[in-house]
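Okay, structure incoming, though there's no sequence with it:
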């Protein structure tokens, strides 16, 4: 009797196990790859890779390329998507449409041509002796650990609220406490416009026409801030928005 009960118990457990088994979650759709410089095949670090849905100019998700040019984007679902890649100093690139079914993954090798340099940008200094915003950003890209966002991204996306779009692009949310702007992980965050004007809130960016955004430098923590700027923002991280007026 006991043996029969044990056997039934085993059978019952097996049946229950089958009944209670949870199907494995469907594999996520992923687009990954590497971004390289056209003509040299050198990896491009710090490029912004945005995921666009069919018929939309606004990014659904974004990532920044690593030191070796690598990126990875998990898609929100099966469907048709494009990638838009941008970095200051290069011409922006938009891929053809990718169609991904459930569980599909794609690995791409994407090249970016260098942006032609206009003759007037060959001047290293303004007439008053100060460096242009363009000169400063190009130098800091080579020397620092910031995130550098081309202003053309804002004009292409044409967001109703640039401040919210910026939060999305750099993958962070901002909180205000007593009028203070702060990025998660940072002790505090300073916001500049054209490296001198210091507005009180991120929403001040919404007053700037999207066509006037030239570039944005983002330094999440004080350690990332360029040395020549640290004395002005200690002990905070920094967001510096360049407009065409100072570029």
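Here it is on my side, so go on. Remember, predicted model here, so these are calculated numbers, not experimental data.

Now residue 170. Nearest residue, chain neighbours left out?
Spatial nearest neighbour of residue 170, excluding adjacent residues (C-beta to C-beta, 6 or more residues apart in numbering): residue 218 at 5.2 Å. The way it works is simple: take the backbone N, C-alpha and C, and place the C-beta from them, glycine included.

ok, now how distant is the one you found from residue 91?
According to C-beta to C-beta, to the nearest Å, residue 218 and residue 91 sit 22 Å apart.

Between these two, which has more neighbouring residues?
More crowded of residue 218 and residue 91, by other C-beta atoms under 10 Å: residue 218, with 21 against 14.

so what does the helix or strand hosting the more buried one touch, helix or strand wise?
Element membership for residue 218 (DSSP states H and E) is strand 213-219. The contact analysis (3 or more C-beta pairs under 8 Å, 6 or more residues apart in numbering; DSSP states H and E) places strand 213-219 against helix 133-143, strand 147-150, strand 237-243.

tell me the mean pLDDT for that strand?
Mean pLDDT, computed over strand 213-219, is 90.

how about it: buried residues?
By neighbour count with 16 or more other C-beta atoms under 10 Å, strand 213-219 contains the buried residues 213-219.

Residue 240 contacts residue 195, correct?
Yes. Residue 240 lies in contact with residue 195 (C-beta atoms under 8 Å); the separation is 5.7 Å.

Mind listing what's buried along stretch 191-208?
By neighbour count with 16+ other C-beta under 10 Å, stretch 191-208 contains the buried residues 191-193, 195, 202, 204-205, 208.

most neighbours per residue, which of the helices and strands packed on strand 213-219?
Per-stretch averages of neighbours, counted by mean count of other C-beta atoms under 10 Å, single out strand 237-243 among these, with a mean of 24.

which strands and helices sit next to that strand?
Using 3+ C-beta pairs under 8 Å, 6+ apart, strand 237-243 sits against strand 189-193, strand 213-219.

of these, which approaches residue 63 most closely?
strand 213-219 (14.4 Å; C-beta to C-beta).

partners of that closest one, with directions?
Strand pairing for strand 213-219, determined by DSSP bridges: strand 147-150 (antiparallel), strand 237-243 (antiparallel).
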